[in-house]
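>>> Here is the input, now give the coordinates:
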Amino acid sequence: MARYQQLPSRFATKENKPLYNSIVNLQLLQKTPNIQKGDKPLKDWVNEQTHGKDKKSFLDEHLIPDVLDEKDIADFFDKRKELLVEKLQTILK
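From the prediction side, this is the model:
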């Protein structure tokens, strides 16, 4: 599992640390998908999982925003938070 300290220095900033350690950055995976993901960047893992499949459905199912480039990490966190809040609101209704 990737650790905060192992992030490239441009991501391991004081501003990103609370985001990295928040629920917004966590994904509950069963054993096999978790092993497959390992330390791979999210973009690479999603591309592997969706090769020849419907990428949008995969992203929707896993509540992953279509912002997979590491340089857009703040945007990813914002959009992921929105998806999680929407899902929780739907469940709690």
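
>>> pLDDT value on residue 43, please?
Taken from the predicted model, the pLDDT recorded for residue 43 is 88.

>>> Report how many residues lie close to it.
Residue 43 has 12 neighbouring residues, counting by other Cβ atoms under 10 Å. In short, each C-beta sits where N, CA and C put it, glycine included.

>>> if I look at residue 89, how far off is residue 51?
From residue 89 over to residue 51 the distance is 33 Å, taken as Cβ to Cβ, to the nearest Å.

>>> Also residue 63?
For residue 63 relative to residue 51 (Cβ to Cβ), the value is 20 Å.

>>> More neighbours: which of the two?
It is residue 63, of residue 63 and residue 51, that has more neighbours when counted by other Cβ under 10 Å, with 15 against 8.

>>> OK, contacts around the more buried one?
Contacts of residue 63 were listed using Cβ atoms under 8 Å, 6 or more residues apart in numbering, and they are 80, 83, 84, 87.

>>> what's the answer for residue 69, then?
residue 43.

>>> where does it fall, phi/psi-wise?
Here is the backbone geometry of residue 69 (degrees, to the nearest 10): phi -80, psi 130.

>>> so what's it scoring on pLDDT?
Residue 69 carries a pLDDT score of 79 in this model.

>>> could you say which helix or strand contains residue 89?
Applying DSSP states H and E as the criterion places residue 89 in helix 73-92.

>>> Tell me which other helices or strands that helix touches.
Contact partners of helix 73-92 among helices and strands, from 3 or more Cβ pairs under 8 Å, 6 or more residues apart in numbering; DSSP states H and E: helix 17-20.
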